[in-house]
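Novice: show me how the following folds:
(one chain, ligands or ions: 2)
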Amino acid sequence: MASMLTQFRQLGRKIVAVGRNYRAHAAELGNPVPKKPILFLKPTSSYITEGEKIRIPEECSSLHHEVELGIVISKNGCRISEQEAMNYVGGYVLALDMTARDFQDEAKKKGQPWSLAKGFDTSCPVSNFIDKDTLSDPSNVRLWLKVNNAIKQDGSTSDMIFSIPYLISYISKYFKLEEGDVILTGTPEGVGPVSNGDVIEAGLGDIISMKFTVE
Ligand SMILES: O=C([O-])CC(=O)C(=O)O
Ligand SMILES: [Mg+2]
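Specialist: Ligands and ions are numbered 1, 2, ... in the order given. All right, here's what the predicted structure looks like:
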């Protein structure tokens, strides 16, 4: 189970993240609903696994949690059709797209990239690898997140604007997808700040849960 995770870390494959894929999350930050997927990359050096701590980046005053379903790609492909897309899914991973919201707000205002806001060390905590068969319907699964035991995010992947097959097809028009790549599919509403000492617990239905401490 964990071997695939170790493998995608060692391969150093890319993390392609999708922004604003849930209407309610776009709305809560005052952003328009996108007509096309918004894509950004996180470096593989941002991965951490349970036992490692989330570190608030230097000079960040608003570190936000975003719980997301991650798709792990099983084979290389370009220009994958929507019909073929699910054949490229090797499994799933529960992920946090930790975001330095103040950095992102500043970047948005200045028309600058989000790399620092989204790609700093420890910004991509992930669960153990989830086998494809364990998650029979990725298009309808609960995503939840608690901070210090208080529920903050409680959504369903059924509210995604762009479906998993659509995202795989769209992304692969521009980026070659490779074995071990991870696609982060966006966060539902309820994002918010965390502080030093907070414990973040997140889960995918009752299939998997994970815990990370902010330090
Ligand atoms: O920072 C944002 O709001 C965009 C994003 O990653 C998401 O919607 O998951
Ligand atoms: Mg996100």
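
Novice: excluding sequence neighbours, find me the nearest residue to the residue most central in space within the chain.
Specialist: The chain has Leu184 as the residue nearest its centroid, 3.5 Å off, counting by CA atoms, centre = their mean. Once flanking residues are discounted, Leu184 sits nearest to Ala17: 4.0 Å by CB to CB, 6 or more residues apart in numbering. Where C-beta positions appear, they are placed from N, C-alpha and C, glycine not excepted.

Novice: close to ligand 1: what parts of the protein are there?
Specialist: With CB under 6 Å from any ligand atom as the criterion, the chain comes near ligand 1 at residues Ala17, Gly19, Arg20, Asn21, His25, Leu29, Glu66, Asp97, Thr99, Gln104, Gly186, Thr187.

Novice: which ones among the residues you listed lie within helices?
Specialist: Judged by DSSP state H, those include His25, Gln104 as members of helices.

Novice: what about the residue of the chain found nearest ligand 2, how many neighbours?
Specialist: Distance from ligand 2 to each residue of the chain (CB to the ion) is smallest for Asp97, at 3.4 Å. Neighbour count for Asp97, taken as other CB atoms under 10 Å: 26.

Novice: check contacts around the residue nearest to it when sequence neighbours are not counted.
Specialist: With CB to CB, 6+ apart as the measure, Glu66 is the residue that lies nearest to Asp97, at 4.1 Å, once sequence neighbours are left out. Each residue near Glu66 by CB atoms under 8 Å, 6 or more residues apart in numbering is listed here: Leu96, Asp97, Met98, Thr99, Gln153, Thr187, Val191.

Novice: same thing but 6 Å
Specialist: When contacts are counted by CB atoms under 6 Å, 6 or more residues apart in numbering, Glu66 touches Asp97, Thr99, Thr187, Val191.

Novice: follow-up on the earlier one: list buried residues within the residues of the chain next to ligand 1.
Specialist: Neighbour-count burial (16 or more other CB atoms under 10 Å) is assigned, among the residues of the chain next to ligand 1, to Ala17, Gly19, Arg20, Asn21, His25, Glu66, Asp97, Thr99, Gln104, Gly186, Thr187.

Novice: what ranges do the helices span in this structure?
Specialist: Using DSSP H, helices in the chain cover 2-11, 23-28, 101-110, 115-119, 164-172.

Novice: flag every residue of this structure that's near ligand 2.
Specialist: Counting by CB under 5 Å from the ion, the chain comes close to ligand 2 at Glu66, Asp97, Thr187.

Novice: now with 6 Å, please.
Specialist: Proximity of the chain to ligand 2 (CB under 6 Å from the ion) is limited to residues Ala17, Gly19, Glu66, Glu68, Asp97, Gly186, Thr187.

Novice: need the residues you listed in a markdown table (columns: pLDDT).
Specialist: Output for the residues of the chain next to ligand 2, formatted as a markdown table (pLDDT from 0 to 100):
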| residue | pLDDT |
| --- | --- |
| Ala17 | 98 |
| Gly19 | 97 |
| Glu66 | 98 |
| Glu68 | 98 |
| Asp97 | 98 |
| Gly186 | 98 |
| Thr187 | 98 |
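
Novice: so of the residues you listed, which ones are in strands?
Specialist: Among those, DSSP state E puts Ala17, Gly19, Glu68 in strands.

Novice: for Thr213, state which of the residues you listed is nearest.
Specialist: Comparing those against Thr213 with CB to CB places Glu68 closest, at 19.2 Å.
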